[in-house]
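A.B. asks: after the sequence you'll find the predicted model.
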Amino acid sequence: MAKLQAIRGMNDLLPDQSPVWQYLESTVKAVLQSYGYAEVRTPIVEQTELFKRSIGEVTDIVEKEMYTFEDRNGDSLTLRPEGTASCVRAAEQHGLLYNQVQRFWYTGPMFRHERPQKGRYRQFHQIGAEAFGMQGPDIDAEVILMTARLWRQLGIDQAVELQINTLASSTARHAFKSDLVAYLETRKDVLDADSQRRLATNPLRILDSKDPNTQALLDSAPNFNDYIDEESRNHFEQLCALLDAAGVNYVVNPRLVRGLDYYGKTVFEWVTSALGAQGTVCAGGRYDGLVEQLGGRHTPAVGFAMGVERLVLLLEELDVVPASARQLVDVYMIGIGDENLAPAMAVAEALRADAGINVQLHCGGGSFKSQMKKADRSGAQLAILMGSEEREAGEVAVKPLRSAAEQIRLPIENLAQALKQRLEQELGE
Ligand code: ATP
Ligand code: MG
């Protein structure tokens, strides 16, 4: 029988990688929490309608990337391709938006049927944040500051660049769109194939075409800057001033448009050149119209989502994951001989309970040599050995596994305290 395999573009996360993910996730969580964002968890499957109505019928996601299927009742369901729509749906369904300000974050797998390559998968993970009920640029600045803080915390701030733009009001976008389409229609043959198609469906997306001929054509096309309404311009200028005051560097990229229909006013992306073509690690913006579009009352909102896989790749590429984050256990505990199994287990339990020391207990016997091999492979700093002689003396033997330090004996009484010091020394060396 042929061996079963994971679906193409959907990855297993194995123990050699999971510590980096956990390190990233816990760092992000701590930063989000330090700004007062609360976690929301929504189902992975939603009604297809939700994504069609929010992301937009003629976007890449809805047109060709969604995993949509009929369930046994004949309802059309979709594996979520992103988190904002679900977050809005949940907040609205549970009455969390009416007359209230909310700060939420979420994380989990997202699904898009794209061509798998480095940094682009069919199941990928996002961590996102959404802020509801605030219309001023202060909250736009806050969500951007929050991401900037995170990059500093992770040690990748030097490798990412913030690009921002304003998409202005929907009136401004419509006026610009029709002039842009009129201009491009007469030069249609110069456009790349994707842009030709988008001319009819989603003309704003033509702005971020990578095709040099299309880009050249855009240089003399109508300029969005001339269409931006007063209110959006003020909003954007104030946002820039807040970022300046906070010392956050940015580049204004007038061609940044984002692939989802619901954005207006502020949009931003954090981009790196260290990962090749898949360089956007975090993207977001303001979506004041979405809640209403999904049937709620008008509620201003702003948010972002970061790609976990791309951030993990970047952490690895820059080699900035602290060694301690990769370490599963501090101590490998070995009871030598059957009569020492129970006492060794008791010591291991005490270390975990009293001092939060991570202990892997040797199970399954074997020669002393093979036990020490396993101790070494566990990644622990120290092996603790309890033979009959040690036990009778009320002690254990402590063998450093990562340094040249001598093996010593320590009393079982207050062992946790002594080990903590010892572990700090070992890590300091
Ligand atoms: P891209 O232009 O790279 O396709 P996008 O604009 O479609 O990105 P968003 O919908 O804004 O992406 O999602 C936010 C972030 O999620 C992206 O910046 C990226 O880091 C990550 N992301 C999006 N699609 C994928 C994917 N297929 N695989 C891995 N990460 C992804
Ligand atoms: Mg995409």
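C.D. replies: Happy to help now that I have it. None of these values were measured; they are calculated from a predicted model. Numbers count the residues shown, from 1 in each chain. Ligands and ions are numbered 1, 2, ... in the order given.

A.B. asks: grab the nearest non-local neighbour of Leu260.
C.D. replies: Nearest residue to Leu260, sequence neighbours excluded (Cβ to Cβ, 6 or more residues apart in numbering): Ile55, at 5.1 Å. Heads up, the C-betas are built off the backbone N, CA and C, glycines and all.

A.B. asks: OK, contacts around the nearest residue to Asn358 once chain neighbours are set aside?
C.D. replies: Leaving out its chain neighbours, the residue that sits closest to Asn358 by Cβ to Cβ, 6+ apart is Val329, at 4.4 Å. Contacts for Val329 were tallied using Cβ atoms under 8 Å, 6 or more residues apart in numbering; they are 358-360, 378-380.

A.B. asks: of these, which belong to strands?
C.D. replies: 359-360 (DSSP state E).

A.B. asks: can I have the buried ones of the contacts of Val329 as a ChimeraX selection?
C.D. replies: In ChimeraX, this line selects whichever of the contacts of Val329 come out buried by 16 or more other Cβ atoms under 10 Å:
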select :359,360,378,379,380
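
A.B. asks: ok, of the contacts of Val329, which one's closest to ligand 1?
C.D. replies: Within the set of the contacts of Val329, Gly379 lies nearest ligand 1; the separation is 28.9 Å, counting by Cβ to the nearest ligand atom.

A.B. asks: over to that closest one: give its phi and psi.
C.D. replies: phi 80, psi 0 (degrees, to the nearest 10).

A.B. asks: from Ala325, how far out is it?
C.D. replies: In this view, Gly379 and Ala325 are 12 Å apart by Cβ to Cβ, to the nearest Å.

A.B. asks: who's in contact with the residue nearest to Asp75 when sequence neighbours are not counted?
C.D. replies: By the measure of Cβ to Cβ, 6+ apart, the closest residue to Asp75 outside its immediate chain neighbours is Gln47, 7.0 Å from it. Contacts of Gln47 were listed using Cβ under 8 Å, 6+ apart, and they are 75-78.

A.B. asks: please tabulate the residues you listed in a markdown table, including the columns distance to ligand 1.
C.D. replies: Supplementary listing: the contacts of Gln47 in a markdown table, determined by distance: Cβ to the nearest ligand atom, whole Å:
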| residue | distance to ligand 1 |
| --- | --- |
| Asp75 | 25 |
| Ser76 | 21 |
| Leu77 | 20 |
| Thr78 | 15 |
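
A.B. asks: who wins for neighbours among these?
C.D. replies: Counting neighbours by other Cβ atoms under 10 Å, Thr78 comes out on top of these with 21 neighbours.

A.B. asks: and the residue of the chain found nearest ligand 1, how many neighbours?
C.D. replies: The shortest separation between the chain and ligand 1 is 2.3 Å, found at Gly307 (distances taken as Cβ to the nearest ligand atom). Under the neighbour criterion other Cβ under 10 Å, Gly307 is assigned a count of 23.

A.B. asks: could I get the phi/psi values of it?
C.D. replies: phi -90, psi 110.

A.B. asks: can you name the residues bridging to it?
C.D. replies: Assessed by DSSP bridges, Gly307 has beta-bridge partners Gln126.

A.B. asks: check contacts around it.
C.D. replies: 119, 124-126, 280-282.

A.B. asks: quick check: the two most widely separated of those residues?
C.D. replies: For these, with distances taken as Cβ to Cβ, the pair at the greatest spread is His125 and Thr280 (14.9 Å).

A.B. asks: who has more neighbours, the two?
C.D. replies: Each of His125 and Thr280 had its neighbours counted (other Cβ under 10 Å), and the higher figure belongs to His125 (22 against 19).

A.B. asks: number of nearby residues for the residue lying closest to that one once chain neighbours are set aside?
C.D. replies: Nearest residue to His125 in three dimensions, chain neighbours excluded: Val308, at 3.9 Å (Cβ to Cβ, 6+ apart). Val308: 22 surrounding residues under other Cβ under 10 Å.

A.B. asks: please apply the same query to Gln407.
C.D. replies: 11.

A.B. asks: was I right about Val62 contacting Gly56?
C.D. replies: Yes: counting by Cβ atoms under 8 Å, Val62 touches Gly56, with 6.2 Å between them.

A.B. asks: alongside ligand 1, which residues does the stretch 101-250 of the chain contribute?
C.D. replies: Taking Cβ under 6 Å from any ligand atom as the criterion, the neighbours of ligand 1 within the stretch 101-250 of the chain are 112, 114, 119-121, 124, 126.

A.B. asks: in JSON lines, list these along with distance to Glu426.
C.D. replies: Written out in JSON lines, the entries for those read as follows (distance: Cβ to Cβ, whole Å):
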{"residue": "Arg112", "distance to Glu426": "45"}
{"residue": "Glu114", "distance to Glu426": "45"}
{"residue": "Gly119", "distance to Glu426": "36"}
{"residue": "Arg120", "distance to Glu426": "40"}
{"residue": "Tyr121", "distance to Glu426": "38"}
{"residue": "Phe124", "distance to Glu426": "37"}
{"residue": "Gln126", "distance to Glu426": "37"}
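
A.B. asks: between those residues, which is nearest Asp157?
C.D. replies: Gly119 (19.5 Å).

A.B. asks: show me what contacts the closest one?
C.D. replies: With the criterion set at Cβ under 8 Å, 6+ apart, Gly119 makes contact with 275-278, 307, 309-310, 313.

A.B. asks: go on, Gly379?
C.D. replies: By Cβ under 8 Å, 6+ apart, the residues touching Gly379 are 326-329.

A.B. asks: make a ChimeraX selection of the buried ones in those.
C.D. replies: To isolate in ChimeraX the members of those that are buried, counting by 16+ other Cβ under 10 Å, one can use:
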select :329
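
A.B. asks: farthest pair in the contacts of Gly379?
C.D. replies: Arg326 and Val329 (11.3 Å).
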